[in-house]
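In: A predicted structure for the sequence below; I have some questions about it.
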Amino acid sequence: MLTLASKLKRDDGLKGSRTAAASADSTRRVSVRDKLLVKDEGYYQGGRFQFETEVPDAYNMVPPKVKCLTRIWHPNITETGEICLSLLREHSIDGTGWAPTRTLKDVVWGLNSLFTDLLNFDDPLNIEAAEHHLRDKEDFRNKVDDYIKRYAR
């Protein structure tokens, strides 16, 4: 599913191995860029989507910042890369937001779910994409396919 596995193994190391100098510098970030490969299901099958994850010094008390670097036509991801995923919210009304017990693995699974079971047309971030789906599912699929061919191969 991902090539992020080796970086995720270092997740525990990030929490415990910070030096005093790194802890004192609140602007220092760990950035992870990797690709999510969507397998054989749904609108986004066969696409390779690159995400950037910034892990702040206050991690695990605050969520990482995640951005999609691949242009995509998706109801929960804007064309500029902002992502609507409740577990990335520090304060979430529905109780599914970030908690100190969450890990980068949870983030990866959440991102993967945006391409399958969490694909949400009812509460979109990209309203235009969601309305497009409601108006014409076949044309929506064609636009997704076009974006995958142009940006996600």
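Out: Cool, the structure landed. Numbering: from 1, shown residues only.
In: so where's this structure uncertain?
Out: Counting by pLDDT under 70, the chain has low-confidence residues at 1-37, 39, 93.
In: what about the longest helix in this structure?
Out: The residue-count maximum for a helix in the chain (DSSP state H) belongs to helix 137-151.
In: where do the helices sit along this protein?
Out: Using DSSP H, helices in the chain cover 5-9, 11-16, 20-24, 104-113, 127-135, 137-151.
In: buried ones in the longest one?
Out: I take that to be helix 137-151. The neighbour-count check on helix 137-151 (16 or more other Cβ atoms under 10 Å) flags 140, 143-145, 147-148, 151 as buried. C-beta coordinates here come from the backbone N, C-alpha and C atoms, glycine included.
In: In contact with Pro64: list those residues for me.
Out: Each residue near Pro64 by Cβ atoms under 8 Å, 6 or more residues apart in numbering is listed here: 53-56, 88, 104, 107.
In: mind checking how far it is from Ala58?
Out: 10 Å (Cβ to Cβ, to the nearest Å).
In: Repeat that for Glu41.
Out: To Ala58, Glu41 is 36 Å away according to Cβ to Cβ.
In: Please list the outside residues in contact with stretch 108-123.
Out: Applying Cβ under 8 Å, 6+ apart, the contact partners of stretch 108-123 are 1-2, 4, 8, 36, 38, 41-44, 47, 49, 51, 66, 74-77, 83-85, 87-88, 130, 133-134.
In: Cheers, nothing more for now.
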